[in-house]
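*Asks:* What shape does this take:
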Amino acid sequence: MGFLLDLLSLLIQYYVQLIAIMNPFSALPTFVSLTERLGPGEKDIIVKKASWAMLAIMLSFTFLGNVILEAFSISIASLRIGGGIILMVLAVDMLGEMPRTKRVEARDMAVVPIATPLIVGPGTLTTILLLTSTERTLLNTAVLIIAEVAAVLTTMLTLRFSGGLVRLLRVSTVRALGRFMSIIIASVAVDMIAKGIYAYIVRFYM
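*Replies:* This is a model prediction of the structure:
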C-alpha cells in the first residue's frame, strides 16, 4: 500500500510540474484568437493534431534525454542551474500582459505555434530532461510517461472547450490563472537552482 502511495505521489508531482510549465490556461486567449474564424470541426482537428504533436515531442525528450546530455557533456548540476534560470525567465515573462512566448501569427498552427512553443516550450523540455536524467529507473520513466499523457489530455480538453472557458471565466480570470501558474514555475525554478548550486559546492568544496 505504501509503495502504491509513493507512486501516486510521484505521479502527482510530475503532473503538477508539467501542467504548470505547459500552462494551458495562459494559452487560452491566444488559441481563441488564432482559431476564432474556424468552425468547430476545424478547431477539433487542430486540437487533436496539436495534442499528438505535444505528446510526440515530450516522449522524444523522455527517451533521448540522457543521449542529449551525454552528447553535449552536460552535468546534472549544470542542467539544474541552467534549467532553473530558463524556468525563472519564463515565469517572469508570463506575468506580463502579452508574454513573448505567446506572440504568434495565425498560420498552419497545430504543430507550430500551438503545440510548440506556445504550450510545449523550452521550460517543459528542460524539465523533462532534468527528470529523465535524475530518475533513470524504468518505473520512474513509466510514471513520467503517464504524467505526460495526463498533462497532454488536460491540455487537449482545455483547448477543446477554450471558447466556453473564456466566456465562463472571462479573460481576466484566465490571465489570473496563468499568472498563478507562474508562481508554481518560479518555485520549481528556485528549487532547481538551489539544488544545482549545492551539487557544485559538494563536488568542489566537500
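*Asks:* what about Pro113, how many neighbours?
*Replies:* Neighbour count for Pro113, taken as other C-beta atoms under 10 Å: 24. Placement of C-beta: from N, CA and C, glycine included.
*Asks:* And Ser73, by the same measure?
*Replies:* 7.
*Asks:* Could you check how far the spatially most central residue of the chain is from Ala147?
*Replies:* In the chain, the centroid-proximal residue (C-alpha atoms, centre = their mean) is Met22; its distance is 3.0 Å. Note on Met22: its distance to Ala147, by C-beta to C-beta, to the nearest Å, is 11 Å.
*Asks:* before we move on, what about Ile74?
*Replies:* If you measure Ile74 against Ala147 using C-beta to C-beta, the figure is 23 Å.
*Asks:* and these two? which has more neighbours close in?
*Replies:* Ala147 (23 against 14).
*Asks:* Pretty sure that one sits against Ser9.
*Replies:* No. In this structure, Ala147 is not within contact of Ser9 by C-beta atoms under 8 Å, at 11.7 Å.
*Asks:* Quick check: which element contains Thr62?
*Replies:* helix 40-71 (DSSP states H and E).
*Asks:* and that helix, what does it pack onto?
*Replies:* helix 24-35, helix 122-134, helix 138-160 (3 or more C-beta pairs under 8 Å, 6 or more residues apart in numbering; DSSP states H and E).
*Asks:* Contact partners for Ala189?
*Replies:* For Ala189, the contact set (C-beta atoms under 8 Å, 6 or more residues apart in numbering) comprises Gly83, Gly84, Ile85, Ile86, Leu87, Met88, Ala91.
*Asks:* what's the answer for Gln17, then?
*Replies:* Taking C-beta under 8 Å, 6+ apart as the criterion, Gln17 is in contact with Thr127, Leu131, Val188.
*Asks:* at 7 Å instead, please
*Replies:* Each residue near Gln17 by C-beta atoms under 7 Å, 6 or more residues apart in numbering is listed here: Thr127, Val188.
*Asks:* For burial, what's the neighbour tally of the residue lying closest to the residue nearest to the centre of the chain once chain neighbours are set aside?
*Replies:* Ranked by C-beta to C-beta, 6 or more residues apart in numbering and with sequence neighbours excluded, the top spatial neighbour of Met22 is Ile119, at 5.1 Å. In terms of burial, Ile119 registers 28 neighbours under the definition other C-beta under 10 Å.
*Asks:* what ranges of this protein fall below the confidence cut-off?
*Replies:* Confidence mapping of the chain against pLDDT under 70 gives the ranges 33, 94, 96-108, 135, 166, 171, 174, 178.
*Asks:* how about 90 then?
*Replies:* Using pLDDT under 90 as the threshold, the predicted model of the chain has low-confidence ranges 1-6, 21, 23-43, 64-114, 116-127, 129-138, 161-193, 195-196, 199-206.
*Asks:* Tabulate the contacts of Ala189 (JSON lines), appending neighbour count.
*Replies:* Putting the contacts of Ala189 into JSON lines (neighbours: other C-beta atoms under 10 Å) gives the following:
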{"residue": "Gly83", "neighbour count": "23"}
{"residue": "Gly84", "neighbour count": "23"}
{"residue": "Ile85", "neighbour count": "15"}
{"residue": "Ile86", "neighbour count": "18"}
{"residue": "Leu87", "neighbour count": "29"}
{"residue": "Met88", "neighbour count": "19"}
{"residue": "Ala91", "neighbour count": "24"}
